[in-house]
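*Asks:* this is the structure alone, sequence omitted:
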């Protein structure tokens, strides 16, 4: 259950950061370093969740 909640929060954070990037590219609103830090954290979180679930399923099969 914890993984599902973390995945949902990461997904919403990713959508928020993508919205900020869209505004930066097309509406000329500048990005700040905090946005970049949030994006890096979100990407690391999503990748961690996906890899940990994949490895856990792989270990259960063996």
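*Replies:* Right, received. Where do you want to start? None of the values given here were measured: they were computed from a predicted structure.

*Asks:* need the helices for this structure, in chain order.
*Replies:* Per DSSP state H, the chain carries helices over the ranges 2-26, 33-61.

*Asks:* list the buried ones in the longest one?
*Replies:* Right, the one you point to is helix 33-61. 38-39, 42, 45-46, 49 (16 or more other Cβ atoms under 10 Å). In short, each C-beta sits where N, CA and C put it, glycine included.

*Asks:* go through those residues and say which is closest to residue 14.
*Replies:* residue 42 (4.9 Å; Cβ to Cβ).

*Asks:* check the chain and tell me which residue is nearest its centre.
*Replies:* Closest to where the C-alpha atoms of the chain average out (Cα atoms, centre = their mean) is residue 42, at 3.2 Å.

*Asks:* residue 15 is in contact with that residue, correct?
*Replies:* No: at 9.4 Å, residue 42 does not count as touching residue 15 under the criterion of Cβ atoms under 8 Å.

*Asks:* got the helices of the chain as CSV, with mean pLDDT columns?
*Replies:* As requested, these are arranged in CSV below (pLDDT from 0 to 100):
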stretch, mean pLDDT
helix 2-26, 80
helix 33-61, 79
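
*Asks:* picking that back up, and the closest residue to the residue nearest to the centre of the chain other than its chain neighbours, how many residues sit next to it?
*Replies:* Spatial nearest neighbour of residue 42, chain neighbours left out: residue 13 (4.4 Å); criterion: Cβ to Cβ, 6 or more residues apart in numbering. Using other Cβ atoms under 10 Å, residue 13 has 17 neighbouring residues.

*Asks:* the one 5 residues further on too?
*Replies:* Close neighbours of residue 18, defined as other Cβ under 10 Å, add up to 12.
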